[in-house]
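> generate a structure from the sequence data that follows.
(chains A and B)
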Amino acid sequence: MKLLRVDMGQLEVHWVPVPPVFEQLGGRALISKLLLEEIPPTCDALGPHNILIFSPGLLAGGGVTTAGRLSVGGKSPLTGGVKEANGGGTAGDTLAKLGIKAIVVEGQAARGDWYMLHVTSDSASLLPAGDLRGLGTYATSDRLQERYGADCTVISIGQAGEYLMVGAGIAITGDRDQRSNHAARGGLGAVMGSKGLKAIVIDKPLGKSIPLADADLFRTATRTFAQKLINDPKLGTQGSQHLYGTASIVGAVNEIGSLPTQNFSRGSFEHAADLRGEHLRELVLEREGKVGTRCMPGCVIACRNLYTDEDGKPIVGTLQYETIALIGSNLGLSNLDDVARLNYMCNDFGLDTIETGAALGVALEAGLAKFGDTESIFALLKQVGEGTVLGRVLGNGVVTTGRVLGIRRIPAALGQAMPGYDPRSLKGNGVTYATSPQGADHTAGNAFGARKEVNPLGVQGQRELSLKLQIIAAMLDATGLCLFARPPVIADPQLMVDMINGIFGWGWNKQDLDRFNRQVLRTELEFNRRAGITAADYRIPEYMREEPLAPHNAIFDVPDSDLDSVFETL
Amino acid sequence: MTLERPMNVQEVAIFIGLNPDEIGLIAINGVQSELDDSVPPGCRLCFFPPMSGG
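Numbering: from 1, shown residues only, chains lettered A, B, ... in the order given. Here you go, the predicted model:
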């Protein structure tokens, strides 16, 4: 494998061998180590010393189901710390098959100049891309796929990234209708924009495959893994995830009082039934849209959908839980068509729907529009794409929006918006939001559904639960696996060990895997420490400790001492 | 529904024709619960299939 280093200042690309210190790393693990080794942690995240890394996980490219997620990372302009965001689509597997361990983008182009990177099986070139400036991600990927072939993968930013808004993410094309997958969180779209890089095009790797150290071991483990997913009642063809996508949890999260509603002011929404996955499926099938589609070839879960309007015209592929929560109930919206259209706009502008939904929620609380006022909400979001002054406030996320508009109820941790689980009713998630080096990120350790171990409304055991989940998440993010595919490798870590050994022949055992997973977190915590992030930053907002959340009148009361000691046993 | 005698969650599930092994999340009055929890009078009891947070 090799690294592709892209110098945006000199406009040069170089293929370099992988240094030994990075050899046994991939995805989030590689990102955290590269950041710690190569950049000053106190650097300006939108300045020339930050790097932007695109890295497939360790299992990418070998046909392991769901292992094609692409990790994107850098210092986050939103949290001020390490950031890894990963997205589905075809980029992860494609880069692995081309033998590319990571693309590392450094420096900055002259301000106002825009470039694209074209990567083939044996070359890479930076090309002027002024003609793409100002385009949304859909038009960008359409134009580039017309130019380079429908089979190529396009990674791009929209207007939000061009404007350096820290709510900006990075779009990745995917399988068939799933044109817009996002490495959304943490403002990495702004980092890409700060470098003057509008898009990356990666040619389809025809006839390429990754070498295997032990093909029999690998194939046995891979088949076992896929079969266990197919047999899992949540994930198989009759499972909720496949039938309804992540929207399957809307009803349950609402029932336990954790659904963000009207700027996180309540935990249940009176119109939640209209947002449920069952209703989404009914609508989509009536309108001849699609459910049970996949963002990457070979996925056996296939949780995506192609959401269509009343005339059967596609609105967005895909409408999922986090967007339904943050752009739906959090804004008082109960019509899935409206949520889908707002989702499309966010995708096109290249915005994180969680950060944007949270920012809009704060804006509505400030009186810029009424909760549930669809037309006004659309008008506010349009301003983000247009780059108006108010649009730039909203596009810079929930904390900026709250401060500018004088709102105290800002649902964020480490500067990043909270996802679709209010931590007052799901305290394990609150511990993750507060303590993860990634900031408020449910994918860093989601306690939803973990009732058997810990009472979601209680204080006891949340610290230990969050640590366990954060270690698991680090493993998934380093290997490129979709987090929905976690059950078999949690139940039997030997499966993961066998898949890794089958590809690389490293001779790992379960203890090696555990050490690897924990080291990801240690590296990230060290980077954040050097970046100046202290214990006082790893907190839940004060108002969530005081303001009871209906329907349970719950506050977040896990003590700071528990938050400070989450990683004592790491 | 009316129960003729006090039951726990698992008993109610079987009573209404659900396979307890196919239940993912249980909530009594909005609080996550388990199969062996008692079902209090006048409560709201919800059964959800196995599902995964995303």
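
> would you mind naming what in chain B lies close to chain A?
B:22, B:24-25, B:27, B:30-34, B:46, B:48-54 (Cβ under 8 Å from any Cβ of the partner chain). All C-beta spots, glycine's among them, are computed from the backbone N, C-alpha and C.

> could you flag which of those residues are buried?
Neighbour-count burial (16 or more other Cβ atoms under 10 Å in any protein chain shown) applied to the residues of chain B next to chain A gives B:24-25, B:27, B:30-33, B:46, B:48-54.

> what residues of stretch A:529-543 count as buried?
Neighbour-count burial for stretch A:529-543 flags A:531, A:533, A:537-541 (criterion: 16+ other Cβ under 10 Å).

> ok, now which ones touch the residue in the stretch 201-350 of chain A positioned nearest to chain B?
Per Cβ to the nearest Cβ, A:T246 is where the stretch 201-350 of chain A lies closest to chain B, at 3.6 Å. Counting by Cβ atoms under 8 Å, 6 or more residues apart in numbering or on different chains, A:T246 makes contact with A:277, A:303, A:320-322, B:52-54.

> among those, which are in helices?
Those of the contacts of A:T246 mapping onto helices are A:277, A:321-322, per DSSP state H.

> ok, and of those, which contact chain B?
Subset of the ones in helices among the contacts of A:T246 in contact with chain B: A:321-322, counting by Cβ under 8 Å from any Cβ.

> what residue ranges in chain A score low on pLDDT?
Along chain A, the parts satisfying pLDDT under 70 run over A:451-452.

> narrow the residues of chain B next to chain A to those in strands?
Among those, the members found in strands (DSSP state E) are B:25, B:27, B:31-33, B:46, B:48.

> between which two of these is the distance greatest?
Spanning the widest gap among those are B:V31 and B:F48, at 13.5 Å by Cβ to Cβ.

> shaky segments in chain B?
For chain B, applying pLDDT under 70 flags the ranges B:54.

> identify the residue nearest the geometric centre of it.
B:V9 (4.3 Å; Cα atoms, centre = their mean).

> for stretch A:293-305, measure first residue to last.
6 Å (Cα to Cα, to the nearest Å).

> same question for stretch B:24-41.
Using Cα to Cα, one end of stretch B:24-41 lies 23 Å from the other.

> contact partners of it?
The contact list for stretch B:24-41, computed with Cβ under 8 Å, 6+ apart, reads A:233-234, A:240, A:252, A:255-257, A:268, A:449, A:451-452, A:455-457, A:551-552, B:3, B:6-10, B:12-13, B:20, B:23, B:43-51.

> try stretch A:106-115
Residues outside stretch A:106-115 that contact it (Cβ under 8 Å, 6+ apart) are A:5-11, A:47-48, A:51-52, A:126-130, A:132-133, A:162, A:194-198.

> burial measure for A:R276, as a count.
If you count neighbours by other Cβ atoms under 10 Å in any protein chain shown, A:R276 ends up with 20.

> who are the contact partners of A:T400?
With contacts defined as Cβ under 8 Å, 6+ apart, A:T400 is in contact with A:166, A:359, A:393.

> can you flag which of the residues you listed belong to helices?
Counting by DSSP H, these place A:359, A:393 in helices.

> ok, A:G47 touching A:K195?
No - A:G47 is beyond contact range of A:K195, at 10.0 Å (criterion: Cβ atoms under 8 Å).

> who's more crowded, these two?
A:K195 (25 against 14).

> give me the spatial nearest neighbour of A:D93, chain neighbours excluded.
Spatial nearest neighbour of A:D93, excluding adjacent residues (Cβ to Cβ, 6 or more residues apart in numbering or on different chains): A:G68 at 3.8 Å.

> and that neighbour, how far from A:N335?
As judged by Cβ to Cβ, to the nearest Å, A:G68 and A:N335 stand 33 Å apart.

> then A:R28?
Taking Cβ to Cβ, one finds A:R28 at 36 Å from A:N335.

> higher neighbour count, these two?
With neighbours defined as other Cβ under 10 Å, A:R28 and A:N335 compare such that A:R28 has more, 33 against 14.

> so which bits of stretch A:509-516 are buried?
Going by neighbour count (16+ other Cβ under 10 Å), the buried part of stretch A:509-516 is A:513, A:516.

> contacts for that stretch, please.
So stretch A:509-516 is contacted by A:24, A:29, A:471, A:475, A:478, A:493-494, A:496-497, A:500, A:506, A:508 (Cβ under 8 Å, 6+ apart).

> let me see the backbone angles for A:G257.
The phi and psi torsions at A:G257 (degrees, to the nearest 10) take the values phi 80, psi 30.

> good, wrapping up.
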